[in-house]
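> below are the sequence and a predicted model; questions follow.
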Amino acid sequence: MDRREKLIISMTLGILSSLYDKYGNLTLLVIGAIVLDIITGILKAKVNREISSIDSFRGFWKKISLLAGLAFGFFLDLLVEYLIIVGAKKIFMNVPYSIPIGAIIGVYIILNESISICENLHECGVKLPAFLINSLKITRKNIDEDNLKNKK
């Protein structure tokens, strides 16, 4: 490894370790929810005998896009913090408060993946409490309705 590669690797690891304190636990929870959804999705496909490499390929890229969305939310968090600091010096616009955009996106991903996990388990024949299934259906319906409203 040449000196430039070592420098890039050490800078990348340094940045990641500094961000871990703020975003590490949420990132691990999101990754855990995604992995569980993948596992339960594979189990559901196996039980229903509907295993498809095309669906798996699309699902993989969807999960990668969720992680990209989470990274974008963290980027926006850092941008807002920067604008607060710089705004105090009156260079850019003044942002008087911090918005936890990354946390909101992370929690949304975890909730959405949790709904999918429960649906996958239900389709595998796992008995889930009725209140959980009903609340998941209502939550899914509300999310879908909100998505339709936002498209208009």
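Looks like it arrived, so ask away. Everything numeric here is computed off the predicted structure, so don't read it as measured data.

> hmm, who's touching stretch 13-21?
By CB atoms under 8 Å, 6 or more residues apart in numbering, the residues outside stretch 13-21 that reach it are residue 74. The C-beta positions use only the backbone N, C-alpha and C, and glycine is treated the same way.

> tell me which residues in that stretch are buried?
By 16 or more other CB atoms under 10 Å, stretch 13-21 has no buried positions at all.

> just how off-centre is it within its chain?
19 Å (CA atoms, centre = their mean, to the nearest Å).

> longest helix anywhere in the chain?
Looking across the chain with DSSP state H, the single longest helix is helix 3-47.

> tell me the buried residues in the helix or strand following it?
Reading on from helix 3-47 to the C-terminus, the next helix or strand found by DSSP states H and E is helix 53-88. Of all the residues in helix 53-88, those buried under the rule 16+ other CB under 10 Å are 59, 63, 66, 69-70, 73-74, 76-77, 80, 83.

> which residues touch stretch 117-125?
Against stretch 117-125 from outside (CB under 8 Å, 6+ apart): 33, 36-37, 40-41, 43-44, 47-48, 128, 132-133, 136.

> return the set of buried residues in that stretch.
Within stretch 117-125, the residues scored as buried using 16+ other CB under 10 Å are 117-122.

> where in the chain is pLDDT low?
Scanning the chain for pLDDT under 70 picks out 84-98, 146-148, 150-152.
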